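> sequence below, structure please.
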Amino acid sequence: MGMPVEKHKAKEPGPRAGAIVAALFEDRLRDSELRYRLLADNCSDMIASLDLDGRYTYVSPAAYSLFGQSESELLGRKATDFAHPEEVSLLPDIIADILTRPVVRTLTFRRRCKDGSYRWVESRIQGVRDASGTVTQIVLVARDISERRRAEEDLLVAATAFETQEGMAVCGADGTILRVNRAFTEITGYTADDVVGEKPSLLKSGRHKPGFYRALWDQLLRTGTWQGEVWNRRKSGEVYPEWLTITAVKDVNGEITHFVGTFTDITQRKASERAVERLAFYDPLTRLPNRRLLRDRLAHALASATRSRRHGAVMFIDLDHFKTINDSLGHDKGDLLLLEAARRLTDCVRKSDTVARLGGDEFVVMLEDLGIDRNEAAAQTRAVAEKILAALRRPYHIGTDDWDSSGSIGATLFQGAADDLDALLKQADLAMYRSKSDGRDVLRFYDPAMEASVRARAAMVAELRHAIETEQFILHFQPQMDSLGRPTGAEALLRWLHPERGLIEPGAFIPLAEETTLILSLGLWILRAACRQLVAWSKRDETAGLTLSVNVSACQFRQSDFVAQVRHILDSSGADPTRLKLELTESTLLDDIADARNKMEAMRAMGLRFSLDDFGTGYSSLSYLKCLPLSQLKIDRSFVSDVHHDPNAAAIAKTIVFLAKNLGINVIAEGVETEMQRSFLDSNGCNDFQGYLFSRPLPLHEFENFLTTTVPRQPGNG
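The predicted model follows:
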């Protein structure tokens with residue numbers, strides 16, 4: 001049998017050995033705490049511990065640098081005390097979640113700083129559990145992400161801006177397209193897949209010469225930006241205009257990294273500009289040059305004749321008995337006759353000559369390059385005039401009938417700058433009146449002997465001056481109506497109550513008054529009479545709300561003391577200035593825009609309003625519409641009469657209404673004679689009217705009777 005083996009037992013450590021182990025453990029624990037405390041104290045993120053109620057029990061020093069709060073200011077305070085009011089409930093919900101399951105939660109919120117401001121914070125939150133798995137405290141690590149949030153918001157704004165209404169393309173430094181937005185696709189028709197990796201030359205229309213693009217790139221590389229009008233081609237092949245801005249993007253070293261191009265389709269704007277140009281330089285009915293363009297061409301012809309010494313000629317042409325035809329057939333048929341007359345005149349001259357319509361039935365033909373010899377030039381002028389007379393003499397087929405007409409022609413020759421432009425036009429006009437007085441359908445050259453008519457004119461001036469001194473004038477009133485057929489006011493129109501010849505229409509004496517200084521006295525009389533009438537109307541309920549429009553001549557408006565005159569008349573009469581509307585023509589305003597604006601602003605401050613009369617017959621420009629304090633545009637009767645049968649006239653009327661509405665300006669149409677015209681204008685946004693459809697200009701008592709008998713139309717019945 002073997003010897004029994006004794007089992008050895010492990011010796012229990014003695015008291016001294018246990019103390020050594022405990023001391024080592026304490027050292028390690030203390031070392032660990034110091035190490036972790038050192039890490040916490042020097043961490044750029046705030047580290048904090050919370051009790052189960054969410055109160056701070058420890059806060060690292062980073063709290064001060066991040067939020068301006070020290071440990072002593074935070075200990076014992078609830079973390080929710082520093083949360084944004086909209087986010088107070090977030091932390092308690094997360095703590096409740098952590099107490100039930102071992103998770104690490106990330107929370108983004110706004111934390112209040114000591115100065116009251118808020119910073120965006122991203123926090124990681126988790127529970128510390130004991131051996132039994134029970135959460136004993138909450139550990140929170142907070143990081144300031146305010147800058148990151150701002151960067152994200154900037155990126156969001158940039159992304160939103162990229163998807164703007166403007167087309168946008170981002171290109172690399174080599175010009176290759178990297179990215180385009182939705183508006184780019186909508187405008188050009190090209191998708192991102194079509195153009196990314198391509199060069200912008202893909203869009204070239206072929207309208208620009210190579211030098212255009214060289215200049216573009218030279219400026220872009222030199223200044224970092226370029227903008228201007230460019231014609232490009234859509235994917236469909238359609239060529240269109242755009243307003244393009246290109247900006248170079250540079251890095252910190254000043255090197256170009258990208259190019260950003262933004263553009264808008266200006267097709268509609270270009271169409272509006274063309275419409276305005278047509279209004280400015282061409283007669284809307286015949287499409288012939290108007291008075292403004294004629295004067296411009298005549299000035300050029302005078303300059304050219306000065307250099308070449310070759311003669312030219314100006315012929316005034318007036319259609320005989322046109323008023324009778326117009327009144328018999330109506331304005332629409334009269335317009336057809338004018339169109340045919342314009343075509344015949346154009347056929348009688350060379351392409352280098354000019355045929356213009358001044359208005360009504362008055363035309364002007366300007367002939368150039370007629371030779372150095374004056375007699376030869378006169379012979380050539382006579383030959384053309386005879387050709388014109390023969391053409392105008394042929395019957396006009398209008399509707400179902402043939403109408404006969406003819407023309408009266410006055411002519412004068414010119415040979416250069418020694419001939420005054422205005423004098424030439426007056427000479428031709430005077431010769432034309434001699435043609436009419438000699439039986440019509442003939443040519444008459446200007447002759448200085450015709451100055452006898454000037455003497456007669458002088459006698460007329462004297463008679464008109466006497467009429468002003470003795471106040472032989474009265475006002476008639478033409479109602480202005482709204483879309484419901486309610487009177488809103490009236491235009492005051494001057495009449496000469498001659499003691500021998502009776503009532504004289506303004507057309508017979510206003511032009512003469514405007515050619516002299518007599519229009520100044522007449523203008524003041526009209527303003528005083530209008531203000532007296534407004535005072536009288538203000539005392540009656542049925543008329544107190546009416547406005548009264550008064551025409552102001554260019555000569556009167558240009559007077560340096562015009563504003564003072566108006567102020568004196570208003571003050572002395574006691575009239576309400578808000579009920580007075582001054583009607584001005586484009587030519588009145590264009591000579592000196594700055595002076596016109598200053599005067600109008602001064603009078604607007606008094607309460608007066610301004611209406612732009614005969615809009616479209618002169619130089620209708622967006623630039624002055626924008627800068628002048630106008631409250632109303634008045635569509636000229638020449639457009640109104642044709643809106644229901646002439647697409648061009650209708651388009652022009654719509655354009656005027658569109659321009660006025662977009663500029664915040666009221667619009668009224670004059671010369672409304674038919675319900676069709678009124679209905680068309682009303683349906684296209686013009687809701688104020690004046691014309692024979694409602695009433696002719698009336699004496700005061702008849703006008704006031706009109707007010708009491710007018711029955712407003714019912715809404716929807718127009």
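
> against residue 537, how distant is residue 489?
Separation of residue 489 from residue 537 (Cβ to Cβ, to the nearest Å): 10 Å. C-beta coordinates here come from the backbone N, C-alpha and C atoms, glycine included.

> again with residue 336
Applying Cβ to Cβ to residue 336 and residue 537 gives a distance of 42 Å.

> now do residue 502
As defined by Cβ to Cβ, residue 502 lies at a distance of 27 Å from residue 537.

> who's more crowded, these two?
residue 537 (22 against 9; other Cβ atoms under 10 Å).

> give the contact list for that one.
Listed by Cβ atoms under 8 Å, 6 or more residues apart in numbering, the contact partners of residue 537 are 543-544, 546, 548, 579.

> which pair in those residues spans the largest distance?
Pairwise distances across the contacts of residue 537 (Cβ to Cβ) peak at 12.1 Å, for the pair 544 and 548.

> domain-wise, how is the protein divided?
Following automatic domain parsing, the chain resolves into domains at 32-146, 163-265, 286-446, 465-706.

> quick one: closest of these to residue 272.
With Cβ to Cβ as the criterion, residue 272 lies closest to domain 465-706 of the domains of the chain, at 6.7 Å.

> measure how far the closest one is from the centre of its chain, please.
Centroid separation for domain 465-706 versus its chain: 24 Å, with Cα atoms, centre = their mean, to the nearest Å.

> do the same with stretch 112-129
Distance of stretch 112-129 from the chain centroid (Cα atoms, centre = their mean) equals 52 Å.

> give me phi/psi at residue 106?
Main-chain dihedrals, residue 106, degrees, to the nearest 10: phi -110, psi 130.

> for residue 172, that is, sorry about that
The phi and psi values for residue 172, taken as degrees, to the nearest 10, are phi -80, psi 180.

> that one touches residue 258, doesn't it?
Yes - using Cβ atoms under 8 Å as the test, residue 172 is close enough to residue 258 to be in contact (6.3 Å).

> need the residues touching each of the two.
In contact with both residue 172 and residue 258: residue 178, using Cβ under 8 Å, 6+ apart.

> which residues touch stretch 190-210?
For stretch 190-210, contacts defined as Cβ under 8 Å, 6+ apart pick out 169, 171, 175-180, 184-185, 188, 230-235, 239, 261.

> extract the C-alpha trace of it and format it as PDB.
Extracted in PDB, the C-alpha atoms of stretch 190-210 (Å, rounded to 0.1, in the frame of the first residue of the first chain):
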ATOM      1  CA  TYR A 190     -31.600  70.800 -71.500                       C
ATOM      2  CA  THR A 191     -31.500  68.400 -68.600                       C
ATOM      3  CA  ALA A 192     -28.500  68.000 -66.300                       C
ATOM      4  CA  ASP A 193     -27.800  64.700 -68.100                       C
ATOM      5  CA  ASP A 194     -27.700  66.600 -71.400                       C
ATOM      6  CA  VAL A 195     -25.200  69.300 -70.300                       C
ATOM      7  CA  VAL A 196     -23.000  68.100 -67.400                       C
ATOM      8  CA  GLY A 197     -19.500  67.500 -68.800                       C
ATOM      9  CA  GLU A 198     -20.200  69.800 -71.800                       C
ATOM     10  CA  LYS A 199     -19.100  73.400 -72.400                       C
ATOM     11  CA  PRO A 200     -21.600  76.300 -72.300                       C
ATOM     12  CA  SER A 201     -20.900  76.800 -76.100                       C
ATOM     13  CA  LEU A 202     -23.500  74.100 -76.500                       C
ATOM     14  CA  LEU A 203     -26.100  76.900 -76.100                       C
ATOM     15  CA  LYS A 204     -24.600  79.300 -78.600                       C
ATOM     16  CA  SER A 205     -27.200  80.800 -81.000                       C
ATOM     17  CA  GLY A 206     -24.700  81.900 -83.700                       C
ATOM     18  CA  ARG A 207     -26.000  85.500 -83.500                       C
ATOM     19  CA  HIS A 208     -22.800  86.800 -81.800                       C
ATOM     20  CA  LYS A 209     -19.500  87.300 -83.500                       C
ATOM     21  CA  PRO A 210     -16.400  85.600 -82.000                       C
END
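
> show the average pLDDT along it.
Mean per-residue pLDDT for stretch 190-210: 91.

> coming back round to it: neighbour count for residue 544 and residue 548, which is higher?
Ranked by neighbour count (other Cβ under 10 Å), residue 544 and residue 548 place residue 548 first, with 21 against 12.

> now do the SS call for that one.
strand (DSSP: H, G, I helix; E, B strand; the rest coil).

> hang on, isn't it packed against residue 493?
No - the criterion here is Cβ under 8 Å, and residue 548 misses it with residue 493 at 11.0 Å.

> just confirm residue 391 is within a strand.
No - counting by three-state DSSP, residue 391 falls outside a strand, being helix.

> for it, the count of nearby residues, please.
Neighbours of residue 391 using other Cβ under 10 Å come to 17.

> settle this for me: it is touching residue 343, isn't it.
No - look at residue 391 against residue 343 with Cβ under 8 Å: they stay out of range, at 9.3 Å.

> could I get the pLDDT score of residue 18?
Looking at residue 18, its pLDDT reads 61.

> host element of residue 305?
helix 291-308 (DSSP states H and E).

> after that helix comes which helix or strand?
In N-to-C order, the element after helix 291-308 by DSSP H and E is strand 312-319.

> so what does that next one touch, helix or strand wise?
helix 291-308, helix 331-347, strand 362-367, helix 374-393, strand 407-414, helix 421-437 (3 or more Cβ pairs under 8 Å, 6 or more residues apart in numbering; DSSP states H and E).

> direction included, what does that strand pair up with?
Paired with strand 312-319 in the same sheet, following DSSP bridges, are strand 362-367 (antiparallel), strand 407-414 (antiparallel).

> SS state for residue 56?
Following three-state DSSP, the label given to residue 56 is strand.

> got it, and residue 686?
Relying on three-state DSSP, one would call residue 686 coil.

> so what's it up against?
Shown in contact with residue 686 (Cβ under 8 Å, 6+ apart): 635, 653, 657, 667-669.

> could you redo the last one with a cut-off of 10 Å?
Residues in contact with residue 686, defined by Cβ atoms under 10 Å, 6 or more residues apart in numbering, are 483, 633, 635, 640, 643, 653-654, 656-657, 660-661, 666-669, 672, 678, 680.

> taking these one by one, which sit in helices?
If you go by DSSP state H, those have 640, 653-654, 656-657, 660-661, 678, 680 in helices.

> make CSV out of the contacts of residue 537 and add pLDDT and distance to residue 569.
Output for the contacts of residue 537, formatted as CSV (pLDDT from 0 to 100; distance: Cβ to Cβ, whole Å):
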residue, pLDDT, distance to residue 569
543, 93, 20
544, 94, 20
546, 96, 18
548, 97, 13
579, 96, 13
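
> returning to that earlier point: so which of the strands paired with strand 312-319 comes closest to residue 397?
Between residue 397 and the strands paired with strand 312-319, the tightest spacing by Cβ to Cβ is seen for strand 407-414, at 17.6 Å.
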